[in-house]
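**Q** the following comprises the amino acid sequence and a computationally predicted model.
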Amino acid sequence: MILDSQRIKRNNILRHDIESEYYDEIFNIKTSYKYGSIIDSELNFADIDATKKILILDAACGTGKIALNLKAFGSKALMVGCDISSEIVKIGIEKSKKYGFSDDISWIRCDCENLPLRDDSFDLVICSSSLHHFPNFSAFMMESRRILKPRGYLAILEEPNRLGIMLIGLVGIFLTKLGEFLGRRTGSSLDQRTSEIVLKMQKNPRDLETDAYMFTINELKRAGYLAGFRRVLTKAETFFSYFVFFFMKGFFPKKYFEKIYKGAYKADSRFFHHFIPDQFRATANLYCQK
């Protein structure tokens, strides 16, 4: 099957333009010191210090989860957020003004596979939960290497892991069908509001495919070396909390779900991470040094 790169990109633009106003609600995105500390700890795994006076690119930034939370944590870095969706970039700009970070964060609308940025200019590139949206992910990784200073890092965070998702999906398929039967949204299906808007545009919501690839941890590591990075390491991440977030969210009232999700996240670190092999975790981080 030949991947239609332009179609995937058009779909990503359309979906994220539509969902920009309620994107943070869908993915439970908040801005706070606490969430910034979580991102900081993930970067510290590879001895990356994002709190210093450096220049950081938040690639495929969405509404600015990475940039805004690092600033909320106290980072002194200057940041650039870029995304292919102009509407979602507008939300990022609004949020940076709301939280008082507009002087330290610049925003651009661009294709991450062709970054309009100078060679050897950034200290750190972060891409969170987005690599699977890039039809030519290797182009993005090589572009990241191009714009990084010597010894700079590309950090790909919370990237879905194919083997882990397949394992979780065995139960998730059942819950998705049960949710459909009960009239509750579960799984990775489109938000109901998005589906309704797409239908009004006389399009089939099922055709709004936005994922180009799903990687294994070993494939991520190999991609880092193929892009020319000299040092590459990975870290296996969530399992049970990913399952809860995507497949059980529709079964609980919103006012209770956040507490349930936090409990699932703790269960990951205290229990599941001790016996679920790395290759079967739901997400993975990739750290690549130039």
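**A** Received the coordinates, thanks. Residues are numbered from 1 along each chain as shown.
**Q** quick check, pLDDT for the spatially most central residue of the chain.
**A** For the chain, S129 is the residue whose C-alpha lies nearest the centre (Cα atoms, centre = their mean; 1.9 Å). pLDDT recorded at S129 is 94.
**Q** repeat that for the one 10 residues further on.
**A** You'll see A139 listed with a pLDDT of 97.
**Q** what lines up beside the lengthiest strand in the chain in the sheet?
**A** Determined from DSSP state E, the single longest strand within the chain is strand 148-160. Strand 148-160 has the following strand partners under DSSP bridges: strand 122-128 (parallel), strand 283-289 (antiparallel).
**Q** TSV for those, including distance to L57 and mean neighbour count?
**A** For the C-beta atoms, the positions are set from N, CA and C on the backbone; glycine is no exception. Formatted as TSV, the strands paired with strand 148-160 follow (distance: least, Cβ to Cβ, whole Å; neighbours: other Cβ atoms under 10 Å):
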stretch	distance to L57	mean neighbour count
strand 122-128	5	24
strand 283-289	14	23
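**Q** any chance of those strands in JSON lines with distance to E209 as columns?
**A** Shown next, in JSON lines, are these (distance: least, Cβ to Cβ, whole Å):
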{"stretch": "strand 122-128", "distance to E209": "20"}
{"stretch": "strand 283-289", "distance to E209": "20"}
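**Q** between those, which one is nearest to L78?
**A** Closest to L78 of the strands paired with strand 148-160 is strand 122-128 (Cβ to Cβ; 9.7 Å).
**Q** what does the closest one contact?
**A** The contact list for strand 122-128, computed with Cβ atoms under 8 Å, 6 or more residues apart in numbering, reads 43, 48, 50, 54-60, 65-66, 77, 80, 112, 140, 144, 147-149, 152-158.
**Q** keeping just the C-alphas, turn it into CSV.
**A** Provided in CSV are the C-alpha atoms of strand 122-128 (Å, rounded to 0.1, in the frame of the first residue of the first chain):
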residue,chain,number,x,y,z
PHE,A,122,18.8,25.3,18.1
ASP,A,123,20.0,23.6,21.3
LEU,A,124,17.0,21.2,21.6
VAL,A,125,14.1,20.0,19.4
ILE,A,126,11.2,18.4,21.2
CYS,A,127,8.4,16.5,19.4
SER,A,128,5.7,15.1,21.6
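**Q** give me the distance from that strand to the chain's centre.
**A** How far strand 122-128 lies from its chain's middle: 12 Å, per Cα atoms, centre = their mean, to the nearest Å.
**Q** which strand or helix spans S41?
**A** S41 belongs to helix 33-44 when assigned by DSSP states H and E.
**Q** that helix: what's the following helix or strand?
**A** Once helix 33-44 ends, the next helix or strand along the chain (criterion: DSSP H and E) is strand 55-59.
**Q** got the angle for whichever helix or strand comes after that following strand vs strand 122-128?
**A** Per DSSP H and E, the first helix or strand lying C-terminal to strand 55-59 is helix 65-72. In terms of direction (axes from the mean of the first three to the mean of the last three Cα atoms, to 10 degrees), helix 65-72 departs from strand 122-128 by 120 degrees.
**Q** burial check on the residue nearest to S130 when sequence neighbours are not counted, number of neighbours?
**A** The shortest distance from S130 to any non-neighbouring residue, by Cβ to Cβ, 6 or more residues apart in numbering, is to A60 (3.6 Å). By other Cβ atoms under 10 Å, 24 other residues sit near A60.
**Q** and the one 3 residues further on, by the same measure?
**A** Here the neighbour count serves as a burial measure; for T63 (other Cβ under 10 Å) it reads 27.
**Q** isn't it up against K95?
**A** Yes: counting by Cβ atoms under 8 Å, K95 is a contact partner of T63 at 6.1 Å.
**Q** tell me the phi and psi of I48?
**A** phi -100, psi 130 (degrees, to the nearest 10).
**Q** tell me the pLDDT of the closest residue to it other than its chain neighbours.
**A** Excluding the flanking residues, the one nearest I48 by Cβ to Cβ, 6+ apart is Y153, at 5.3 Å. Y153 carries a pLDDT value of 98.
**Q** what's the answer for L55, then?
**A** 98.
**Q** now do L3
**A** So L3 comes in at 78 (pLDDT).
**Q** could you do E180 as well?
**A** pLDDT, read off for E180, is 52.
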